[in-house]
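> What follows is a predicted structure for the sequence shown.
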Amino acid sequence: MGQASRLVLDANEAVASVAHRASEVIAIYPITPSSGMGELSDAWSAKGKTNLWGDVPRVIEMQSEGGAAGAVHGALQAGALATTFTASQGLLLMIPNMYKIAGELTAFAMHVAARSIATHALSIFGDHSDVMACRQTGFAMLASGSVQEAQDFAAIAHAATLSSRIPFLHFFDGFRTSHEVAKIDALGNDDLRALLAAEDIAMHRARALTPDRPVLRGTAQNPDTFFQAREAANRFYLACPDTVEATMRRFAERTGRSYSLFDYAGHPQAERVLVLMGSGAETAHEMVDWLVSRGERVGVLKVRLYRPFDVARFSAALPATARAVAVLDRTKEPGAVGEPLYQDVLTALCETGRARELRIVGGRYGLSSKEFTPAMVAGVFENLSRETPQNHFTVGIVDDVTHTSIPYDPELDIEPDDVRRAVFFGLGSDGTVGANRNSVKILGEETDAYAQAYFVYDSKKSGAVTVSHLRVSPRPIRSAYLVRRAGLVACHQFELLNRQDVLGLAREGAIVLLNAAGTPEEVWGRLPREVQEEAVAKRLRIFAVDAIRVARESGLKGRINTIMQTCFFALSEALPRETAIAKIKASIEATYAKKGPEVLKRNFAAVDRALEGLAEIAVPASATAERGRPPVVPSEAPDFVQRVTAMIASGRGDALPVSAFPVDGTWPTATSQWEKRNIAAEIPVWEPSLCIQCNKCALVCPHAAIRAKVFEPSLAAKAPATFKSDSFRAADFEGFRYTIQVAPEDCTGCSLCVAFCPAKDKANPKRKAIGMAPQPPLRETERDNYAFFLDLPDPDLSRLRQMDVKGSQFARPLFEYSGACAGCGETPYIKLVTQLFGDRTLVANATGCTSIYGGNLPTTPYAVDRDGRGPAWSNSLFEDNAEFGLGMRLALDFRTTRAQQLLTEVGPALAPGLARQILEADQATRSGIAEQRERVARLRRALAPLPSPAAQALAPLCDDLVKKSVWIVGGDGWAYDIGFGGLDHVLSLPYDVNVLVLDTEVYSNTGGQQSKATPLGAAAKFAVRGKETGKKDLGLMAMSYGHVYVARVAMGAKDHQTVKAIQEAEAHPGPSLVIAYSHCIAHGYDMALGCEQQKRLVDSGLWPLYRFDPRRMAEGLSPLQLDSGDARTPAVDFMRNESRFRMVEAADPARFKRLAEEAKSEAERRLAFYRHVAEWKPAGGVSDATPGEPASR
Amino acid sequence: MDLSTRYLGFELPHPLMPASSPLADDLDVVRRLEDAGAAAIVMRSLFEEQIVGDELTTYYAHEAPEASYAEALSYLPEPGMFALGTHEYLEQLQRIKAAVSVPVIASLNGTTPDSWLEYARLIAQAGADALELNVYDLPTDPRETAEDVERRVLDVVTTLREAVFLPLAVKLSPFYSALANFAERLERAGADGLVIFNRFYQPDIDVENLDIVPRARLSNPSELQLRLRWLSILSSQRRLSLAVTGGVHNAVDAVKAVMSGAHAVQMASVLLRRGPEALRRIRADLKRWLEEHGYESLRQMQGSMSAGRGAALPALERVHYMRVLQSWRPEDSPARRGS
């Protein structure tokens, strides 16, 4: 037996460790929750970590999962040992290649963090709907249910595929297993070497394509041959189960961990048996043990090798005494007789003749990582006890519509007291998760106990709440579900106590750790009544530490993680205090050593000081607070928001029944206004006397939380006392009042507006027309002021002399308070589009950050104007967004054409001239649109009494006579990589679509992987040493068609050009492409400085601004206008401010220097080319090719 | 012609070397400097404040968004491949040490006595041959006296002298009330040399945008005079090594500095402007100048114009001042020169 070392890690790392060591070529594409496996592999290869044979595996990031599968297929054909990692939509994109790889009997193991497939909604969470879509590919499918199994089965898959020639899809539950941190026995290199037979590898290589022994693979076959040839592979599938079993046996001999194709656990004479696979089987196992110890004859059959499904072995594993079997599927196959595993089990038992003696039912559980608890397992066994068990049931939800759900006792908790459980509530930005990862490592590695941690994140990117669930047990932990009763509950952010039921998870007598300032009495006094009542009722012991102060005194602004961690160890007494502190410091050293000694020093200081301020709070005999937790949404919110949205927002979405939901994924917009998150510590305050009324603050605000308005002076009379306004100093609205107002509860405190504000106090330039001030004292008054502001009428924008930066910000944003990161560089562009055209816009949105902050529940930032109009939004996929938007355009055009035809037909029956006015209307301007809407309203009224079929057909199409705008929105990962083929095609066509590419130069949503938009010299995941090649010039490619409007913009550098370009793009009657530079947290600097960095970027020449307008050619002008000039500052001045470049310099200054010089000369080369085009005169031109109207003031 | 000199205990073939500047950031430039004959390489200062700032900025930029959203547990590659803090400087020091055979002088600007010591030890471990203490700071606290300021520097020198076995040079600014006395105390505290004088990159004002903007200006030869004067004074009083920096742009400048008592002549602006190869030309010019003027060796003229030898102390101190004032004519005014 090999020497086992114990490690604490998550399944992604455990699996990647095996796959990296067993592979030579790894082709991947980032997709949650599998991205970690690819990233780790890349990081290891970048560090020179070798595989079992002393070679460094080549890790390559492709443009899509389809590309990754193709690359892997090729590598396998040419004799390499290859692997890949993926999930969900990514796996779907691999399916065509999977058929090929299997059809060619290729030894190949891939690892899937199983995840939901997008249907009525996207979900990043775990279930088996993706892997179930691969049943027909010919891959063997191996399911693991825990971190330990994931590692072990990864190894078994790599070994079994080599000996069986059947490719293996090894899967484990996304998040629940992929992201669970657990203590496992790690496989050493010798273990893996022993498992992977050298002769099998040699055979694999011998099958490789080589011109030295040429063969042809991949013929086209005809009716005479294909069928037989397809059957020729049968014996390999027949032999595969034996091979896997033999591999498992060898594995057991070496490691002592024994697995079978079907593992049974429970009573030897069980009467009721569950069949399932994945992490749910572990929970079922735990519950079965508990029931058996109480005399129940129950058992669970864990399916390991799902394909090829070995009927005989399955039947043999199922106790002969079984009378009722429930098969649980973590997927849904609408319209099928039952879900796949159920159907397989049913078929297997029919074939063995046992079906007659058994009651077999199927059910669904755990879709999208829905909790699957022992209580639910008990519910399923209950169901099996019934005379007629419910079939095709669901468990874990309340289905009050089709009544599929079976009941269970949610209060049932079987975890024994010797399993120590703790739960931590924190914010993403405070490091709570990181600290808990370290804690579980310490607990797992320093004691003989088993440890487990699992982390729950909310759907926001700013102010996101995290909940960490920790377990420590003397036995291996099978609990693949959240902690339900904790002995210790820590709340790292006091505000959360006002927002959700933090102490709901505390068991009787539990310890509560709060991060709170003030004396114990003060802290108690500030607790909302519900919390106090719970503390009294459950006899909780409450401790508090002012971690913010300790952090500040230790020189760590806001980083409270190590402080809270130290207090946790002190209170939990899981380790002797001194040992714990030493271990925390050791883990800090391991984590931060590379980040510099000062970071270490300050964190050590924080640890040393942490316990000084830790004090127990006396809990009185009864609650003393009068103030309760405020309502989640205000009482004036619409009914749906009250019933549904509020439940989700307060973390109680699990309790919503099926009937609460739309049946087709259609949700109301304009709901973010009801979710007041109060996440800003400081908010901007306006100083009218300094303000130059430029509206730039409103323009750059990522969350539409600072707004400008002009209004009639008479309206000011009703203003709240602290509402500020000033006389408006421009002719468009002469005599009006002007105001800048902050939405205090929606602002994220990013301070981008303050940094961008150009108005300085001449006597004290440190003061600007807006400055940051603490939010709490302003919250109440500014809330009233903001309500007053919103009630003020929106100004009539047709009075604006021009739609520029300033004018655009008097338009109501129809994209507000999204969950985007504080300081996001993307959202200001989207907001601007909604201000200019939102009332007539359809948005096709590629998957990514934009779709997450744009469409993730609970609330929707896309909003409506006073008339109820606003952007209609949809997300299809990641890879098809341009095509999706084109489809919208085609449908709109079709409807408009049809409406126009009908109108022509109906025309004579209408008021004279109405039809002609509508058909010939100029809808180029905002007032033109308003007039057309007015005419259409008249038309609708006129049509009502008309009996003609044409009039009746036209009535529902009236609105299609008003111009609509299609915006195709996505990030660079979509536009440059996975969706480029489609984007290119759509641009090649003449249709009027507007493409907005929010270019952060990396895959932001999945965590900063390089894309083809990543600039030369920047470090990103998969380009750790700095990208070697230049950024793809997407704009130039689009220009090459000649009919596409193309603009490259950077709002922070030249906002006027941005506003102009977006309007020109929309006005262009063909396809338009706007490439918008978006600063991003993945660039590694303080986002408050985002606009300043954009300025530096453009000044350095690395991001030339231009507009390419094909319409100019008719005037004899070059279509291209450059809106920025030669580099004025060195590129390194820009680069050195961002971590993504700095880390390249820190690692290798010479390389950085070379890359920076290359970046500079590449920028010069591109600019020279643009200049050449800008100076070009189209033949037959009528005027000099003088540069067009400059976009700057 | 024997141009050799002794600086901080090193026997050098000649006194010319790059001054502490970004020149040594680039290994190619370092090699070119050595090829051009640099007698030693002086690195730019390791500024503790800058390092700490860099570290913390990166720390916050990396840490704040980590593990806050389910799809992205981090946003930048793991820093396994790079390291911040002093690593960057120390690794560059090691690379330079490996690349050249001339002495490598590191430079340090710390904030507290502890950090001075800590960083100095790291620099010593990384293989520096000598250490220049860049004691630049701007005492803005009105409660701090001149004595406090000098005491702080002396404490650093005392502490490092005990703990670090490297030759120590102190790079001074001209803004001390009693420079001669201060130099004497520094020598007693264990300084092996003085480098005079530090140049300040004083911020400028952008009157359009009401901003303070950092502006680095290269030196010009007029800055040399102040340095020559203090070299003359200090070389007559002290036994420690003296280096000049700031304003040496050609061989005659170097001659003046050596005559005033400099053992080493450090240059930055001229090398930044004309490239490392300028050092070779200046060295050749220096040799030729000495030959043409019938000197036997550089040492022969070393300190020849120091106070007490070529120039009487009062002449340097007050009479010079008066003479310069009286010798000024309107035609020397820069405004007229161009017309």
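Great, that's in hand.

> contacts, neighbours, all on C-alpha from now
OK.

> residues in chain B within reach of chain A, list them.
By C-alpha under 8 Å from any C-alpha of the partner chain, the residues of chain B that approach chain A are B:26-27, B:52, B:55-88, B:210-211.

> So residue A:126 is in contact with residue A:174, correct?
Yes - using C-alpha atoms under 8 Å, residue A:126 makes contact with residue A:174 at a distance of 4.2 Å.

> okay, and the common contacts of the two?
With contacts defined as C-alpha atoms under 8 Å, 6 or more residues apart in numbering or on different chains, the residues adjacent to both residue A:126 and residue A:174 are A:113, A:114, A:115, A:369.

> Next, count neighbours for the third one.
Here the neighbour count serves as a burial measure; for residue A:115 (other C-alpha atoms under 10 Å in any protein chain shown) it reads 33.

> now swap in the first one and tell me
Neighbour count for residue A:113, taken as other C-alpha under 10 Å: 35.

> packing partners for the host helix or strand of residue B:284?
Counting by DSSP states H and E, the element that carries residue B:284 is helix B:278-292. Contact here means 3 or more C-alpha pairs under 8 Å, 6 or more residues apart in numbering or on different chains; DSSP states H and E; on that basis helix B:278-292 packs against strand B:16-18, helix B:251-259, helix B:269-274.

> okay, these in CSV with mean neighbour count and distance to residue A:210 next?
CSV is the format used below for those (neighbours: other C-alpha atoms under 10 Å in any protein chain shown; distance: least, C-alpha to C-alpha, whole Å):
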stretch, mean neighbour count, distance to residue A:210
strand B:16-18, 27, 59
helix B:251-259, 23, 68
helix B:269-274, 16, 56
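
> got the contact list for residue 49?
The chain I'm using is chain A. Applying C-alpha under 8 Å, 6+ apart, we find residue A:49 in contact with residue A:56.

> My question was about chain B, not that one.
B:110, B:111.

> tell me which residues of the helix or strand that contains it are tucked away?
Using DSSP H and E, residue B:49 falls within helix B:48-63. Within helix B:48-63, the residues that qualify as buried are B:48, B:51-52, B:54-63, counting by 16 or more other C-alpha atoms under 10 Å in any protein chain shown.

> what do you get for stretch B:114-124?
By neighbour count on 16+ other C-alpha under 10 Å, the buried set for stretch B:114-124 is B:116, B:117, B:119, B:120, B:121, B:122, B:123, B:124.

> What of stretch B:206-216?
residue B:210.

> Over to it now: how far is its first residue from its last?
14 Å (C-alpha to C-alpha, to the nearest Å).

> how distant is it from the center of its chain?
Distance of stretch B:206-216 from its chain centroid, counting by C-alpha atoms, centre = their mean, to the nearest Å, is 26 Å.

> same check, this time on stretch B:23-34
For stretch B:23-34 - counting by C-alpha atoms, centre = their mean - the centre lies 16 Å from the chain centre.

> How about stretch A:524-541?
Put simply, stretch A:524-541 sits 35 Å off its chain's centre (C-alpha atoms, centre = their mean).

> What is the end-to-end distance of it?
Termini of stretch A:524-541 sit 12 Å apart (C-alpha to C-alpha).

> Now do residue 142, the pLDDT please.
All of this refers to chain A. Looking at residue A:142, its pLDDT reads 98.

> wrong chain, I was asking about chain B
Looking at residue B:142, its pLDDT reads 94.

> what's the burial count for it?
Residue neighbour count, defined by other C-alpha under 10 Å, stands at 6 for residue B:142.

> helix, strand or coil for the closest residue to residue A:873 other than its chain neighbours?
Nearest non-adjacent residue to residue A:873, counting by C-alpha to C-alpha, 6 or more residues apart in numbering or on different chains: residue A:843, 4.6 Å away. Assigned by DSSP: H, G, I helix; E, B strand; the rest coil, the conformation of residue A:843 is strand.

> burial of the residue in chain B that chain A sits nearest to, as a residue count?
Closest contact between chain B and chain A, by C-alpha to the nearest C-alpha, is at residue B:68 (3.5 Å). A count of nearby residues for residue B:68, using other C-alpha under 10 Å, gives 32.

> Not counting sequence-adjacent ones, nearest residue to it?
In space, residue B:68 is closest to residue A:428, 3.5 Å off (C-alpha to C-alpha, 6+ apart).

> Distance check, the one you found against residue A:251.
Applying C-alpha to C-alpha to residue A:428 and residue A:251 gives a distance of 40 Å.

> So those two - more neighbours on which side?
Under the criterion of other C-alpha under 10 Å, the comparison of residue A:428 against residue A:251 puts residue A:428 first, with 28 against 24.

> Need phi/psi at the more buried one.
Backbone geometry at residue A:428, expressed as degrees, to the nearest 10, gives phi -50, psi -40.

> so residue A:595 sits right up against residue B:55, yeah?
Yes - taking C-alpha under 8 Å as the definition, residue A:595 is a contact partner of residue B:55 at 6.3 Å.

> Good, we can wrap up now.
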